[in-house]
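Undergrad: 3D, please:
(one chain, ligands or ions: 1)
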Amino acid sequence: MSVTFFVEQTPSGYQVTCECGELKSNMFNNVEHAYSELNDNRFNYLCGNHMCDVLYAFVDVQYVANLDVNVSNINARRLLGTLGFDTEDLSGSSEGDDFVGRVLLALALEPEDEGVPIVEQQGFVDCGRPHGYLQARLGELQTLGEYAFNNSLQIHWG
Ligand SMILES: [Zn+2]
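TA: Below you'll find the predicted structure:
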């Protein structure tokens, strides 16, 4: 029950790693080379952790930056509304420049987020929202948007 704002980045490299991440190969630029390493040396990636004895090592895709912004559905609806996007459908995409423009406008116009207290009602907990939450998330979305703009990428959410 959450929404992630992200950009589709080109992988910066590939690494063979055991499930827990303790044992890692060198970084490969070519995914085929990473799979060759995995297939040829699979048993070198047994770190002793029980989980890693059961789950095989795998090829982990690396990116330059992890700029994903993950929020609950309720907060996603609030953010999308603030940015002037559709709030019914919690998935969509936008060009980087348009997105950054909306974020900067929201940061300029939105009053300081007072937050929402945590409420428990009939066993259901509404986790609320801390003071300044909206501005903090908008700041992260600005970073994401600027990255997208500078790299000619689209922002996606869903
Ligand atoms: Zn491990």
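Undergrad: Can you give me the domain assignment for the chain?
TA: 13-62, 68-157 (automatic domain parsing).
Undergrad: what about these, which gets the closest to S2?
TA: domain 68-157 (5.5 Å; Cβ to Cβ). (C-beta placed from N, C-alpha, C; glycine too.)
Undergrad: now that closest one: how far from the chain's centre is it?
TA: 13 Å (Cα atoms, centre = their mean, to the nearest Å).
Undergrad: again with stretch 54-68
TA: Worked out by Cα atoms, centre = their mean, stretch 54-68 lies 13 Å from the chain centre.
Undergrad: for stretch 13-27, same thing?
TA: Using Cα atoms, centre = their mean, the offset of stretch 13-27 from its chain centre is 20 Å.
Undergrad: buried stuff in that stretch?
TA: In terms of neighbour count (16 or more other Cβ atoms under 10 Å), stretch 13-27 has its buried residues at G13, Y14, Q15, V16, T17, C18, E19, L23, S25.
Undergrad: Minimum pLDDT in the residues you listed, which residue is that?
TA: Ranked by pLDDT, the buried residues of stretch 13-27 bottom out at E19 (90).
Undergrad: how near is the residue nearest to it when sequence neighbours are not counted to R42?
TA: Nearest non-adjacent residue to E19, counting by Cβ to Cβ, 6 or more residues apart in numbering: L55, 4.2 Å away. Using Cβ to Cβ, to the nearest Å, L55 is found at 12 Å from R42.
Undergrad: Which strands or helices does the helix or strand of the chain at the bottom of the mean pLDDT ranking pack on?
TA: Using mean pLDDT, DSSP states H and E, strand 124-126 stands out as the lowest-scoring helix or strand of the chain, at a mean of 76. Packing partners of strand 124-126 (3 or more Cβ pairs under 8 Å, 6 or more residues apart in numbering; DSSP states H and E): strand 119-121.
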